[in-house]
Every structure is written in C-alpha cells, then in structure tokens.
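Asks: Generate a structure from the sequence data that follows.
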Amino acid sequence: MKALVSRLDSFGDVLLAGPAVRAVAARADTVTLLCGPRGEPAARMLPGVDEVLVWDAPWAGFEPPPVDRAETEGLLDAVDADTALVLTSLHQSPLPTALLLRLAGVGRIAADSVDYPGSLLDVRHRRAPHAHETEAALDLAGAAGFPRVDDGRPRVLPPPDTTGLTGPEPYVVLHPGASVPARSWSRERCAQAVRELAAAGHRVVVTGGRGEKELTAYVAGRPGLDLGGRTVAAELAGVLAGAQAVVTGNTGPAHLAAAVGTPVVSLFSPVVPAERWRPYGVPHVLLGDQNAPCADSRARICPVPGHPCLELVTAHDVLAAVEKVMQA
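Replies: This next block holds a predicted model:
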C-alpha cells in the first residue's frame, strides 16, 4: 500500500504531524509527505517518510500564490498513492486538497471535515475541538486504520553533532524570532533575558534564521553566543538537543525543541489557543496572559497597544521558568 500524508502549512505544523506519519508508516509500504515550501525542512527530518512532495498551495500560508493550472497539473502527475490522510488545523478545510488527490487517482482519502464532503472523502472524521494538533492528527490516523504505534511524541531523525557551533554543554537557547510579530517577545525583553540568564550563571546561545541576523546580534549582546543565520534545520535540531532548556515563542523551534526532547519555556501569545499549539511531550512552562483581549483572534500583528500579553513577562520570569523546567 502506498500512502500519502498531506500537511501544507508551516515548519511547526509538519513537525506536529510526525506521530501520525509514524502510525501510517507502520502499516504502509511507502509514505509520501505532501507539504508546502515552509514545511519542507521539517518533512525531511521526520522518521517514516520515504518521499517528500513539495507544492505551494493557493489556500495555505501567509502569502499564498495565485492558482496556476500547470503547477496544479504537475502535482496531479506527481501523486502516486492508494490512500491519503489530509491533515489540517481546526479552522481549515481539507476539501481542496482532497479534490486534487481524488483527481490524481487516490482511491481512499481521510480527513477531519465540518463541511459536507460529497464524494471527496471516504473517512469523514470529526476532531475533538480542544485537542492538541498532535493528538488530533493521531485520532484521524486511527480512524483511517492507522493506530498509534508509540508514545505519540513528536520526533525527528538524529541531528548532527553541533558542538563546533555551540561549544561544550551546558547552555540555554533563546530563540527570539517568530513567524508573525504577534507571537514574538520584543527584542528588548529578549536581550534582558539573555543578560539575566548569564548573570545567573547560564551560558546562553541565541538562534535565528538568515533573515534574523540583526535581531540575534542585538539579543545576544556581549554575554550571549550569536548563532543567527548559521544553522539549517538539522543543525538547529542539534543545537536545541544539546540545550538544557529552550526559550522561544509559539513558533517552529518550540516544536523542534520538543521533538528532540528538550524542555521549553514558551512565550505564548494567545492569538491561537495554547491547548492546541503548546509544546507537546516535554516539560514546559507557558508564559504570557492567556486571557488577553487578543485571545483566539489569529492576529498576525498584535491588535492591543503595547502587546501586553507578552510584554508583561519579565526577564526574571523567564529565568525562574528556565530553572523550573531544568529540574523537571
């Protein structure tokens, strides 16, 4: 049996699909993971994936591309599967993906759907409204005939040794960036946290992508080690795996830290619910006012002046949370 699992969203979304992918891989001969460009680095790190198929869907992502007939037909030609699992978040419809997979000849398709699917789905599942994304994906996989095969924690393939980048352990990682501004702590607060952690005797490593070098240099300052722009996804996994704790917002590296088993201090803006998106399967502390006026707004830019849900969190709060998760 050739199986396909689709998760067309971002890096963190694909990581959280990993346990469901392993469930499918346990019963399928091959597993293809269909993902978007932002999720591709995560897809290539997941155990159980035999092939990664990348397609930029017009209905996914922050800046979706226009509909392109030639690219869509290219996807139809590339899909080769007998059965498919279409994974989406609660607010997304799986039906556009299901339609394309049906046109590509996939005979059996399962998805969570609140909309009437017609002939597009063979297994129409209803997800529990408050389920974590990882649990929701596993529940759908089970309904489709792929029961969980392990503890259901996110995992990635063993990362490379990154001691050459970080220096010797122990250290704490602070990742200041986030996919959207509403989910990030201010750079001033991040820099204060680096200084507070360093003053308490922790060596601090600051990570970030290629476009975040200015941010990471500011945040690291003198006491921190700036690795901004110096790690690809697998290397970042190695850096996070060696850390005693990771401090970051609700963004991909929080889920990558959980996937390598590192405790997380999560600066969690409530624009999306923590019950569905918190770090999964590792000790963690959530910081931030989960009842702020922006709660569940899905805002990308904070609608409340001063970003109080996160800006009221202090560097001392972060230090206390780091020391708590390190003891857990």
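
Asks: which residues of the stretch 151-300 of the chain fall in helices?
Replies: Taking DSSP state H, counting those that start in this stretch, the helices of the stretch 151-300 of the chain run over residues 163-166, 187-199, 213-220, 233-241, 252-259, 274-277.

Asks: So for the third one, what gets flagged as buried?
Replies: Just to be clear, that refers to helix 213-220. For helix 213-220, burial by neighbour count (16 or more other Cβ atoms under 10 Å) applies to 215-216, 218-220. No exception for glycine: its C-beta is placed from N, CA and C like everyone else's.

Asks: pLDDT for the residues you listed - can I get that in CSV?
Replies: Output for the buried residues of helix 213-220, formatted as CSV (pLDDT from 0 to 100):
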residue, pLDDT
Leu215, 97
Thr216, 98
Tyr218, 98
Val219, 97
Ala220, 97
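
Asks: Check these against Leu319 and report the nearest one.
Replies: The closest of these to Leu319 turns out to be Val219 (Cβ to Cβ; 15.3 Å).

Asks: Might you report the residue contacts of the residue lying closest to the closest one once chain neighbours are set aside?
Replies: Closest residue to Val219 apart from its sequence neighbours, by Cβ to Cβ, 6 or more residues apart in numbering: Cys190 at 4.4 Å. By Cβ atoms under 8 Å, 6 or more residues apart in numbering, the residues touching Cys190 are 174, 176, 219.

Asks: can you check His132 too?
Replies: Per Cβ under 8 Å, 6+ apart, neighbours of His132: 16, 275-278, 280.

Asks: repeat for Val282
Replies: The contact partners of Val282, by Cβ under 8 Å, 6+ apart, come to 153, 257-258, 261-264.

Asks: what do you get if the cut-off is 10 Å, keeping everything else the same?
Replies: 153-154, 245-246, 254, 257-264, 325, 328 (Cβ atoms under 10 Å, 6 or more residues apart in numbering).

Asks: Which neighbouring elements make contact with the helix or strand of the chain with the lowest mean pLDDT?
Replies: Least confident helix or strand, the chain: helix 308-311 with a mean of 89, by mean pLDDT, DSSP states H and E. Judged by 3 or more Cβ pairs under 10 Å, 6 or more residues apart in numbering; DSSP states H and E, helix 308-311 is in contact with helix 187-199.

Asks: for the stretch 101-250 of the chain, which spans come out with low pLDDT?
Replies: Applying pLDDT under 70 to the stretch 101-250 of the chain picks out no residues at all.

Asks: now the strands: where do they sit in it?
Replies: With DSSP state E, counting those that start in this stretch as the criterion, the stretch 101-250 of the chain has strands at 108-112, 123-125, 172-175, 204-206, 225-226, 245-249.

Asks: What residues does the residue nearest to Asp289 when sequence neighbours are not counted make contact with?
Replies: Of all residues not flanking Asp289 in the chain, Cys309 sits nearest, at 4.5 Å (Cβ to Cβ, 6+ apart). Each residue near Cys309 by Cβ under 10 Å, 6+ apart is listed here: 182-183, 267-271, 287-295, 302.

Asks: Swap in 8 Å and give it another go.
Replies: 269-270, 288-290, 292, 294, 302.

Asks: Please narrow those to those residing in strands.
Replies: Among those, none falls in strands (DSSP state E).

Asks: Now which of those residues would you call buried?
Replies: Using 16+ other Cβ under 10 Å, the buried ones in the contacts of Cys309 are 269-270, 288-289, 292, 294, 302.

Asks: returning to that earlier point: now list the buried members of the contacts of Val282.
Replies: Buried members of the contacts of Val282, scored by 16+ other Cβ under 10 Å, are 154, 245-246, 254, 257-260, 262-264, 325.
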